[in-house]
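Chemist: the following block contains a protein sequence and its predicted model.
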Amino acid sequence: MLLETDGGILLSVPGIGVTLAAELTAGMGDLEAFTNAGQLIKMAGTNPVVKQSGGKTATHFAISKQGRAPFRGIVYQAGKCTALHNLDMNARYRKMKEQGKLTGQAYIAIGNRIVRLAYARRKHQTLYQSTCADYILQKVIAGKLRNKSKQAVFFSQFASV
């Protein structure tokens, strides 16, 4: 059923499987209700909150948690999966860890990046483009959709994108 929606385009992102792509698509809902990806991040409650008192230095470590808890969990899971299985996002994750971010903070930051990426891919109907030399779309899709007929459906629906 995912391939019948615009959410199928998320399968082109390494680290996002069929289940996670379906959860992201369902959590995001109809994109016509949003003018930018920041609204989705706020809906998830993973937007950073500035904590400042008096003349003290502001901190940006907390998330608001003023959104949908199930969608917040999906954003976290998307960040974790792509940080581990997507070479581009893994480099970002390692950089954040070197800068002193905690593991959960890095997963949320990468999850927010994935929400922005998913919003753009679905809105503009474009496939994910990796900077890694070994990224081959056919190989990525074959790893996620084992059935040749489903692979053909993916490429027929999104190949012109």
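Modeler: That came through fine.

Chemist: find the centremost residue of this protein, please.
Modeler: residue 114 (2.2 Å; CA atoms, centre = their mean).

Chemist: surely that residue is in contact with residue 85?
Modeler: No. Under the criterion of CB atoms under 8 Å, residue 114 is not in contact with residue 85, lying 11.8 Å apart. Glycine gets a C-beta too; all of them are placed from N, C-alpha and C.

Chemist: give me the neighbour count for residue 139.
Modeler: 10 (other CB atoms under 10 Å).

Chemist: typo on my end, residue 44
Modeler: Neighbour number of residue 44 under other CB under 10 Å is 28.

Chemist: also residue 123?
Modeler: Residue 123 has 14 nearby residues by other CB under 10 Å.

Chemist: and residue 15, that one's in a strand?
Modeler: No. Using DSSP: H, G, I helix; E, B strand; the rest coil, the secondary structure at residue 15 is coil, not a strand.

Chemist: so what's the residue count around it?
Modeler: 21.

Chemist: that one and residue 57: what is the separation?
Modeler: Using CB to CB, to the nearest Å, we find residue 15 at a distance of 35 Å from residue 57.

Chemist: same check on residue 79?
Modeler: From residue 79 over to residue 57 (counting by CB to CB), the distance is 26 Å.
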